[in-house]
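**Student:** Provided below for reference: sequence and predicted model.
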Amino acid sequence: MKEKFARWDTLFLQYLKRDWKKILFWILGIGLFSGGFVPAFEEIAKGQGLIGMYETLQNPAMISMVGPTPVETATDYTLGAMYAHEMLLFCGLFAMIMAVLHVVGHTRKEEDLGLTELVRSFQIGRQANSLAAMVEVVVINVLLALFISGLMISFGADTISVQGSFLFGTSVGIAGLIGAAIGLVMAQIMPTSSGATGSTLGIIGLLYIIRAGTDVSNADLSMFNPLSWTYLTFPFTDNNWVPLIFVLIFSLIMVMIAFALEGNRDMGAGYLPEREGRERAKKSLLSVQGLFIKINKGVMISWLIAFVIMGAAYGSIYGDMQTFLQSNELMEQMFAQSGFSIEESFTGTIMMVMMVLVSILPIVIVNKLFSVETRLYLSQLHATKVTRSQFYWTTIGLAIFTGLVGTLLAAGGLGGTAISVMGDSATMTMIDFLAAGYNFLPSILFFTALAALALGWAPKLGKIVYAYLGYSFILNYFGGILDLPEWLSKTAIQSWIPQMPMEDFDAVPFLTITVISIAFMIIGYLGYKRRDMMEGA
């Protein structure tokens with residue numbers, strides 16, 4: 001047993017030396033986001049802010065996004081309760097995603113790159129690498145939990161108690177353990193690191209969608225969802241530490257399963273082997289378009305299916321909205337005075353969220369061109385008459401196409417399900433849903449263009465586009481709640497686009513952002529055509 005994990009501590013120390021900058025960025029980034037908005041929420045809570053926010057967050061649409069609260073009356077809704085209600089689920093998700101990327105990157109990705117084979121040539125145990133990576137994640141999340149807790153306590157805000165702050169920080173940190181444990185298992189099952197990352201993030205997305213349904217219909221069922229254990233602790237209200245025990249047991253079991261799976265598989269192989277190719281290639285592979293569709297087919301199909309499921313999951317909530325509105329006089333008056341229905345309000349918000357997710361797929365496809373470039377997959381084609389122009393514009397065209405189809409599936413799934421559950425009481429048509437979705441098309445083109453710009457001039461910075469996408473989502477999602485300055489909100493591209501159907505379509509930002517996106521794509525092409533290929537980088 002000891003031989004399997006021999007010298008894991010040596011690897012652990014080396015990882016800390018190698019990753020200290022990444023760890024610092026990780027802790028400060030998630031920590032400041034998780035615990036740094038207390039002063040902003042204090043401003044929101046002034047006057048009748050807490051009561052208004054409580055009533056707003058009680059409708060099924062908002063519960064599906066941020067989760068439930070144990071507070072039963074608006075008068076008992078405190079600053080701490082509001083902060084945990086609004087922030088904890090998303091903070092936990094971010095911690096999960098970071099942990100997944102870290103664990104898969106240190107295990108299966110290094111295995112794919114041949115680094116693990118080099119390490120094992122020394123007196124290092126077969127599973128020392130996985131243990132070292134998991135211990136590193138535990139240390140990082142412990143530090144993250146302490147940083148968040150200390151930051152929240154330092155503000156000295158009313159009802160932001162010491163116990164609640166520690167529980168909030170611990171809940172965020174413990175979410176990282178769930179993501180790391182699931183990621184380690186999938187790293188053994190899937191045949192490649194990209195498959196392990198994609199499947200793990202897919203599982204987390206599925207858990208999020210499932211909890212959206214159970215939180216609205218029956219919150220007790222959410223206790224069977226590992227993701228829900230991170231926010232059902234209810235800091236500053238119930239201060240329930242029991243779900244964290246479930247997390248520790250779940251994570252321990254998953255890690256043990258991962259070690260058992262790793263001990264019985266060959267290095268570089270997975271329990272789901274890569275499908276063998278055809279004996280004779282299809283004629284479509286004789287073209288650049290066919291080849292690139294083949295390269296991206298797996299990720300395209302999985303993401304497009306996810307868009308349909310996501311739209312249908314949110315669409316199913318529309319049936320509960322009118323029931324909620326009829327049972328809440330205050331909310332009924334608010335929407336009556338605003339001039340638009342609760343369905344229209346929810347559509348404007350949730351469509352922005354879904355279009356942010358749709359934007360991920362085009363970015364993935366553009367970045368894939370650099371990935372296959374560095375892995376020498378296209379080296380033989382570079383020696384033929386195939387031009388870089390064909391590589392570049394085929395990739396951009398495929399990215400734009402998936403953005404168009406993704407928008408259709410997400411908005412169509414949302415609209416189709418919503419209309420079916422609302423029945424005769426439907427206040428919107430399918431055209432309204434599709435218009436609200438395609439209204440955000442310029443933002444999808446913009447993120448595709450940013451990825452193209454990076455590909456042409458600084459391909460190693462391509463992943464920064466994901467960071468800006470996340471930043472834009474945070475500003476748009478929390479901007480209205482936190483009452484951020486307009487100039488800060490405008491740094492997110494989606495904020496320039498009106499949210500239909502609550503707002504009217506505006507052709508000026510639609511066309512302006514589209515033209516800028518096309519210009520960025522052309523500039524990216526000029527860089528891609530001239531720069532050196534980074535094969536083997």
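**Tutor:** Arrived safely.

**Student:** helix or strand with the lowest mean pLDDT in the protein?
**Tutor:** When each helix and strand of the chain is scored by mean pLDDT, DSSP states H and E, helix 329-338 comes last, with a mean of 55.

**Student:** what residues sit buried inside the following helix or strand past that one?
**Tutor:** Using DSSP states H and E, the helix or strand that directly follows helix 329-338 along the chain is helix 342-374. Applying a neighbour-count criterion of 16 or more other Cβ atoms under 10 Å, one finds 342-370, 372-373 buried in helix 342-374. The way it works is simple: take the backbone N, C-alpha and C, and place the C-beta from them, glycine included.

**Student:** just stretch 108-120 next, same as before
**Tutor:** Applying 16+ other Cβ under 10 Å to stretch 108-120 flags Arg108, Lys109, Glu110, Glu111, Asp112, Thr116, Val119 as buried.

**Student:** can I get those residues in TSV including secondary structure?
**Tutor:** Listed next are the buried residues of stretch 108-120 as TSV, based on DSSP: H, G, I helix; E, B strand; the rest coil:
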residue	secondary structure
Arg108	helix
Lys109	helix
Glu110	helix
Glu111	helix
Asp112	helix
Thr116	helix
Val119	helix
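
**Student:** which helices and strands sit right next to the biggest helix by length in the chain?
**Tutor:** In the chain, with assignment by DSSP state H, the single longest helix is helix 388-422. Counting contacts by 3 or more Cβ pairs under 8 Å, 6 or more residues apart in numbering; DSSP states H and E, helix 388-422 packs against helix 288-315, helix 318-326, helix 342-374, helix 430-438, helix 441-457, helix 507-530.

**Student:** so how far is the longest one off the chain centroid?
**Tutor:** For helix 342-374, the distance between its averaged C-alpha position and the chain's averaged C-alpha position is 10 Å (Cα atoms, centre = their mean, to the nearest Å).

**Student:** what pLDDT, on average, does the helix or strand that that helix is followed by get?
**Tutor:** Next along the chain after helix 342-374, taking DSSP H and E as the criterion, comes helix 379-382. Averaging pLDDT along helix 379-382 gives 73.

**Student:** tell me the buried residues in helix 379-382?
**Tutor:** Quick answer for helix 379-382: no buried residues (16+ other Cβ under 10 Å).

**Student:** same deal with stretch 65-80?
**Tutor:** For stretch 65-80, a neighbour-count test (16+ other Cβ under 10 Å) marks Met65, Val66, Gly67, Pro68, Thr69, Val71, Tyr77, Thr78, Leu79, Gly80 as buried.

**Student:** would you list the phi and psi of Val71?
**Tutor:** phi -70, psi 130 (degrees, to the nearest 10).

**Student:** who touches Ala157 in this structure?
**Tutor:** With contact taken as Cβ atoms under 8 Å, 6 or more residues apart in numbering, Ala157 is in contact with Val38, Pro39, Glu42, Leu79, Gly80.

**Student:** do the same with Ala435
**Tutor:** Counted by Cβ under 8 Å, 6+ apart, Ala435 has contacts Met500, Pro501, Phe505.

**Student:** buried subset of those as a PyMOL selection?
**Tutor:** A single PyMOL command is used to select the members of the contacts of Ala435 judged buried by 16+ other Cβ under 10 Å:
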select buried, resi 500+501
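
**Student:** let me have the contacts of Ala435 in CSV, extended by secondary structure.
**Tutor:** Compiled in CSV, those are given as follows (three-state DSSP):
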residue, secondary structure
Met500, coil
Pro501, coil
Phe505, coil
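
**Student:** out of the contacts of Ala435, which one has the weakest pLDDT?
**Tutor:** Ranking the contacts of Ala435 by pLDDT, Pro501 lands last with 82.

**Student:** tell me if I'm right that that one and Met428 touch.
**Tutor:** Yes. Here Pro501 lies in contact with Met428, judged by Cβ atoms under 8 Å, at a distance of 6.8 Å.

**Student:** overlap in contacts, those two.
**Tutor:** Common contacts of Pro501 and Met428 (Cβ under 8 Å, 6+ apart): Glu344, Thr347.

**Student:** from Val372, how far out is the residue in the chain sticking out farthest from the centre?
**Tutor:** What lies farthest from the middle of the chain is Lys385; by Cα atoms, centre = their mean that is 39.7 Å. Distance, Lys385 to Val372, using Cβ to Cβ, to the nearest Å: 19 Å.

**Student:** now do Trp393
**Tutor:** Trp393 is 16 Å from Val372, by Cβ to Cβ.

**Student:** try Ser149
**Tutor:** Distance from Ser149 to Val372, by Cβ to Cβ: 44 Å.

**Student:** also Gln14?
**Tutor:** With Cβ to Cβ as the criterion, Gln14 and Val372 are 30 Å apart.

**Student:** circling back: go through the buried residues of stretch 108-120 and name the one nearest Met190.
**Tutor:** Among the buried residues of stretch 108-120, Arg108 lies closest to Met190 (Cβ to Cβ), at 7.4 Å.

**Student:** now Phe505: phi and psi?
**Tutor:** Torsion angles, degrees, to the nearest 10, at Phe505: phi -60, psi 140.
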